[in-house]
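Visitor: Here is my input, please return the structure:
(chains A and B)
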Amino acid sequence: MAVRNIIGVVPQDLALYEELTARENLIFWGQMYNLSGKSLNRRVDEVLEQIGLTDKAKNRVKTYSGGMKRRVNIGVGLLHKPRLLFMDEPTVGIDPQSRRAILDTVKDLNKQGMTLLYTTHYMEEAQELSNRVGIIDHGEMIALGTQKELTQQVGQAETLILHVGENDDSEALANALKGIAGVQQAEAVDHEVSIVCAEAEDVLAAVVTKANERGIKIRSIDIREPNLEAVFLHLTGRALRD
Amino acid sequence: MLKTLLIGIKDLRLAFRDRAALILMLAAPFVLTLGLGLVTGRFSGNANSGLSNIPVVIVNLDKQQLGNALADVFNSAELADLMEPTASSDPEAARRLIDEDKAAAAVIIPAGFTQSIMPQQSGFTSNAMPEAVKIEVYANPSRPTSAGVIKAIVDEFISRVEEGRVSGMTAIMQLMFSGRITQDQAEAAGTAMSKRLQTSAPESTLAITMKSSTASGEAIKFDALAFIAPGMALMFLMYTVSYGGRSILAERTQGTLPRLLVSPTSSMQILGGKIFGIFLTGAAQMLILIGASSLFFQLKWGDPLGVVVLVLAAVFGATGWGMIITAIARTPGQVANVGMSIIFPCLASRPCLLTNASKGLCAAS
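Guide: Next up is the predicted model:
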């Protein structure tokens, strides 16, 4: 019971009473977490404010949009100010605005000192929110660490992409770039030249110089840093899962 | 304990916000009671009785003491408001009247009915009992309630006559077999008993009456609605407790039960709360129906405290029923199916179930 008092859970599926209003839901769940009286009412008001539903608090949950329901679902988990909050895919199937609101809420909570264990399939969410990331495959933790540690662990390099003019010889440029120190790989596809290297910043100047020497006009440059998606795919493979 | 109450109150609130549940919990029994009240004439201006002047054809072919006694019952002053008997001597003509919907039922008392019931002198000297002659109640299927009342009166008459006959014969036979009286004395006692049965039968049947009175002597007239309303309330109470049981499984499927289980609330508190919720919802339903029927139909349920105690006891029992169904079912949908598949065959096979329940509710209140 002591542990249950300090943890909060936001399940993936909505766990609310849809015939009750948001306020009634929060009051009921607050009571289940031993809140009562004025402190309960005050806390409910705070959470409603936090999830942005103060104006709609007296409407029944069944009348809410998917995103609003998700926010109430999160609000229930926050009522008793848990020290550790488990969030299981809280942004599944909702509109971009609600998703952004949820992600901002998560970041705010973390700044306030709450520890969050956030489960997601969206790598960009993990990348945006997490200090430490664990990758679970077939029920087993196959990697754990900071984002940098994970990318280094799998040896992911950065990719520099040059967009050149239609009349320029991208193939010749790719061959020329292979001679630059630090460039691991360079290849041309249509009017793009991809250069794989450990650190894009280290080779960028040399690449631009080489292009100028050959009279090739660079229209734009993208730097793709190694991301969690690449790490995830590297670790779990590209095969489809059941 | 507090959490148990809070969970129960939450369930009560949810039940009363579910429109479909409200229709079945409150609207359906109320409307059915209203409809049956209209059918029985309860609202047709006759405030005294829903059933009155039931046309019945009496065919007395027996013409002896018991046959005459039964005919007298239907012609008695006590049943004057309830029955409108017509005498006939032709069974076929009587049946025709029923077929033509001109009467609710025909009571055909066959010839030899009295002889078949009364112990004869030979009955004590030989083992051969006279062959039973049966009274025929030819009922009109389009008037089931009225026909049921007529049949109940005949049944009551028969059971009283049988009661006197069997008890007398048993006593005489026991005395004879134990050697305390001789065969001649047994025959004499049997003859005396027959005479007493013949003379007392009409009096005993006078106990069959549709009138009753309060402790203060105030007459209470038969009210069909007072008979129907408790039955309806009880039948739909069964739905309510099934609904309550369903909510336990629904909490599991909608994810609120796992969420409750990770909160600092014990399993006992959760289960207790769910059971309390079922009880609370059933009690609220019954009390609302009783209140509404008292207010709108001027139905007299009796002593309010007694009614409340009885309702709470009935709901307590029904809650157990709901929990049994919940234990059997795996999904919320199964609760309704299992509940209905048990209760409706019970009602179909034993139509008196609700009638008896109603009697009990009326009598106790």
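Visitor: When you work out contacts or count neighbours from here on, use the C-alpha atoms and nothing else.
Guide: Will do.
Visitor: And the residue of the stretch 51-200 of chain B closest to chain A?
Guide: B:Thr145 (42.0 Å; C-alpha to the nearest C-alpha).
Visitor: What residues sit buried inside whichever helix or strand that residue is part of?
Guide: For B:Thr145, the host element (DSSP states H and E) is helix B:144-177. Buried positions in helix B:144-177, judged by neighbour count with 16 or more other C-alpha atoms under 10 Å in any protein chain shown: B:145-151, B:153-154, B:157-158, B:160-161, B:164-165, B:168-169, B:172-173, B:175-176.
Visitor: distance between that helix and the chain's centre?
Guide: The chain centre lies 20 Å from the centre of helix B:144-177; the measure is C-alpha atoms, centre = their mean, to the nearest Å.
Visitor: cool, and stretch A:116-126?
Guide: 5 Å.
Visitor: can you check stretch B:92-99 too?
Guide: Relative to the centre of its chain, stretch B:92-99 is centred 28 Å away, using C-alpha atoms, centre = their mean.
Visitor: so how many other residues sit close to A:Ala206?
Guide: 14 (other C-alpha atoms under 10 Å in any protein chain shown).
Visitor: so it makes contact with A:Ile180?
Guide: Yes. Checked against C-alpha atoms under 8 Å, the pair A:Ala206 and A:Ile180 is within contact range at 7.2 Å.
Visitor: quick one, what contacts B:Asp101?
Guide: Shown in contact with B:Asp101 (C-alpha atoms under 8 Å, 6 or more residues apart in numbering or on different chains): B:Asn140, B:Ser142.
Visitor: In a helix, it, correct?
Guide: No. If the criterion is DSSP: H, G, I helix; E, B strand; the rest coil, then B:Asp101 is coil and not within a helix.
Visitor: measure B:Asp72 to B:Thr86 for me?
Guide: As judged by C-alpha to C-alpha, to the nearest Å, B:Asp72 and B:Thr86 stand 12 Å apart.
Visitor: Distance check, the residue of the stretch 51-200 of chain B closest to chain A against B:Ile270.
Guide: Distance, B:Thr145 to B:Ile270, using C-alpha to C-alpha: 46 Å.
Visitor: Got phi/psi on residue 83?
Guide: Since you didn't name a chain, this refers to chain A. In terms of degrees, to the nearest 10, the main-chain angles of A:Arg83 are phi -80, psi -30.
Visitor: meant chain B, my bad for not saying
Guide: Backbone torsions for B:Met83, taken as degrees, to the nearest 10, come to phi -110, psi 150.
Visitor: who does it bridge with?
Guide: Counting by DSSP bridges, B:Met83 is bridged to B:Ile54.
Visitor: Could you double-check that it sits in contact with B:Phe74?
Guide: Yes. Between B:Met83 and B:Phe74 there is a contact under C-alpha under 8 Å: 6.6 Å.
Visitor: what about the residue in the stretch 101-250 of chain B positioned nearest to chain A, helix or strand, and which?
Guide: In the stretch 101-250 of chain B, no residue comes nearer to chain A than B:Ala250, which is 10.6 Å away by C-alpha to the nearest C-alpha. For B:Ala250, the element it lies in under DSSP H and E is helix B:224-253.
Visitor: buried set for that helix?
Guide: By neighbour count on 16+ other C-alpha under 10 Å, the buried set for helix B:224-253 is B:224-252.
Visitor: Can you give the distance from it to the centre of its chain?
Guide: The gap between where helix B:224-253 is centred and where its chain is centred comes out at 19 Å by C-alpha atoms, centre = their mean.
Visitor: Show me what it packs onto, helices and strands only.
Guide: Secondary-structure packing of helix B:224-253 (3 or more C-alpha pairs under 8 Å, 6 or more residues apart in numbering or on different chains; DSSP states H and E): helix B:28-39, helix B:267-297, helix B:304-328, helix B:332-349, helix B:352-364.
Visitor: what pLDDT, on average, does it get?
Guide: Averaging pLDDT along helix B:224-253 yields 81.
Visitor: got it, and stretch B:270-286?
Guide: The average pLDDT within stretch B:270-286 is 90.
Visitor: contact partners of that stretch?
Guide: B:3-12, B:15, B:25-26, B:233-234, B:237, B:240-241, B:244-245, B:248, B:260, B:311-312, B:315-316, B:319, B:323.
Visitor: repeat that for 6 Å
Guide: B:Thr4, B:Leu5, B:Ile7, B:Gly8, B:Asp11, B:Leu12, B:Val241, B:Gly244, B:Val315, B:Thr319 (C-alpha atoms under 6 Å, 6 or more residues apart in numbering or on different chains).
Visitor: same question, stretch A:23-42
Guide: With contact meaning C-alpha under 6 Å, 6+ apart, stretch A:23-42 is reached by A:Ala57, A:Val76.
Visitor: Run the chain-centre distance for it.
Guide: On the basis of C-alpha atoms, centre = their mean, stretch A:23-42 sits 31 Å off its chain's mean C-alpha point.
Visitor: Can you classify the residue in chain A positioned nearest to chain B by secondary structure?
Guide: Proximity of chain A to chain B (C-alpha to the nearest C-alpha) peaks at A:Ala15, 4.7 Å away. Per three-state DSSP, the secondary structure class of A:Ala15 is coil.
Visitor: Could you find the closest non-adjacent residue to A:Leu14?
Guide: The spatial neighbour of A:Leu14 that comes closest, neighbours along the chain excluded (C-alpha to C-alpha, 6 or more residues apart in numbering or on different chains), is A:Asn73 at 6.1 Å.
Visitor: In which helix or strand does that neighbour reside?
Guide: helix A:66-78.
Visitor: circling back to that earlier point, got the confidence number for the residue nearest to A:Leu14?
Guide: 91.
Visitor: Now for B:Glu187, how many residues are close by?
Guide: 21.
Visitor: Hmm, I typed the wrong one, I wanted B:Gly322.
Guide: Number of residues near B:Gly322 (other C-alpha under 10 Å) recorded here: 26.
Visitor: With A:Thr120 instead?
Guide: Neighbour tally, A:Thr120, other C-alpha under 10 Å: 16.
Visitor: doesn't A:Glu89 make contact with it?
Guide: Yes. Using C-alpha atoms under 6 Å, A:Thr120 is in contact with A:Glu89, at 4.8 Å.
Visitor: Those residues of chain B touching chain A, which are they?
Guide: Residues of chain B lying close to chain A by C-alpha under 6 Å from any C-alpha of the partner chain are B:Gly255, B:Thr256, B:Ser263, B:Pro264.
Visitor: how near is A:Ala174 to A:Asp222?
Guide: To A:Asp222, A:Ala174 is 16 Å away according to C-alpha to C-alpha.
Visitor: between these two, who's got more neighbours?
Guide: With neighbours defined as other C-alpha under 10 Å, A:Ala174 and A:Asp222 compare such that A:Ala174 has more, 22 against 12.
Visitor: Hmm, that one is touching A:Glu187, no?
Guide: Yes. Between A:Ala174 and A:Glu187 a contact is recorded at 5.2 Å, counting by C-alpha under 6 Å.
Visitor: On the pLDDT front, check A:Ile68 for me.
Guide: Actually, residue A:68 is Met rather than Ile. pLDDT for A:Met68: 89.
Visitor: Could you do A:Gly77 as well?
Guide: Listed pLDDT for A:Gly77 reads 90.
Visitor: Much appreciated, bye for now.
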